[in-house]
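S.K.: sequence first, then the predicted structure, then my questions.
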Amino acid sequence: MSESQQSPPTLKLAVCLFNNVAATDFQGPVELFGFLSPSRLETNNPGFGMPKYAISTTYLSLIDGLITPMSGPSMMGSTTYDKVGPDEQFNIILIPGGYGVRPNVVPLSLLEFLKRQVPGADYVLSVCTGSWVLAQAGLLGGKRATTNKASFNKVKEATKEQGITWVPKARWVVDGNYWTSSGVTAGTDMASAFLEYLIGDEVASKIRGVVELSVKKEDDDEFAAFYGLI
């Protein structure tokens, strides 16, 4: 980093992990967010100058050990949900989906972590059925949101008493500081749009160019019709 460049403020990102998580749900977004990691900005900045924010990432898990995603290799979190102290607050919380979010298996420590952290977070992002996790934690009442279209009706029925407006045709939905996306790959589209919002289109487009990412717009959702939701 040159002497004329000052380090931008760093936002702390929490990525929530659990057994049977859909790996692409979070790997797609963190591939983009990783360009803003403090170490990368200092040592391997891909020619877009110093952005408005840096993002440091912590991977949270329910155990001190390996978890098994739905696909791909086992992985280990940085720390556990229970070890996040009462004085520590994350700026951004990312909740992926997967088979591990069903009501009978979703980790209670994850739900309790979200209840503690979401009210103080600047941004809350969910991918796929990660929005169902937010609903199970009682944090989506009165919000507009979307979810994986293959699970849309199941999630809508399970949460019908919570006053959530589930949007059937949406690649992602923004309601205040909540960003919820549709299934799996939609999370990367949402993450790209979130970066545009956070640091501006100039830098976000350069990041997309490096990873050669073609993105869909917020309402560009072919899967609502595919699943007969509209």
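M.R.: Okay, I see it.

S.K.: report the beta-bridge partners for the residue positioned nearest the centre of the chain.
M.R.: The centroid of the chain falls nearest to Leu94 when counting by CA atoms, centre = their mean (3.1 Å). Beta-bridge partners for Leu94, by DSSP bridges, are Val15, Leu125.

S.K.: how much space between it and Lys115?
M.R.: 16 Å (CB to CB, to the nearest Å). (C-beta placed from N, C-alpha, C; glycine too.)

S.K.: so after whichever helix in the chain runs longest, what's the next helix or strand?
M.R.: The longest helix of the chain (DSSP state H) is helix 186-199. Once the chain leaves helix 186-199, the next helix or strand it forms, by DSSP states H and E, is helix 201-211.

S.K.: which positions within that next one qualify as buried?
M.R.: Val203, Ala204, Ile207, Arg208 (16 or more other CB atoms under 10 Å).

S.K.: pLDDT weak spots in the chain?
M.R.: Scanning the chain for pLDDT under 70 picks out 1-5, 44-47.

S.K.: how about 80 then?
M.R.: The chain contains residues with pLDDT under 80 at 1-6, 43-49.

S.K.: please enumerate the helices of it.
M.R.: Applying DSSP H to the chain gives helices spanning 23-33, 38-43, 108-117, 130-136, 152-158, 186-199, 201-211, 223-226.

S.K.: and Trp172, which of these is closest to it?
M.R.: Set against Trp172 and scored by CB to CB, these come closest in helix 186-199, at 3.8 Å.

S.K.: by contact count, what packs against that closest one?
M.R.: When contacts are defined as 3 or more CB pairs under 8 Å, 6 or more residues apart in numbering; DSSP states H and E, helix 186-199 packs onto helix 23-33, strand 123-126, strand 172-175, strand 178-181, helix 201-211.

S.K.: okay if I get the ones you listed as TSV plus distance to Thr58?
M.R.: As requested, those are exported to TSV (distance: least, CB to CB, whole Å):
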stretch	distance to Thr58
helix 23-33	11
strand 123-126	14
strand 172-175	23
strand 178-181	19
helix 201-211	21
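
S.K.: determine which stretch of the helices of the chain is the most buried.
M.R.: helix 130-136 (a mean of 27; mean count of other CB atoms under 10 Å).

S.K.: what helices or strands is that helix leaning on?
M.R.: Counting by 3+ CB pairs under 8 Å, 6+ apart, the packing neighbours recorded for helix 130-136 are strand 92-95, helix 108-117, strand 123-126, strand 144-145, helix 152-158, strand 178-181.

S.K.: mind listing the strands the last one pairs with, and their directions?
M.R.: For strand 178-181, the paired strands and their directions (DSSP bridges) read strand 123-126 (parallel), strand 172-175 (antiparallel).
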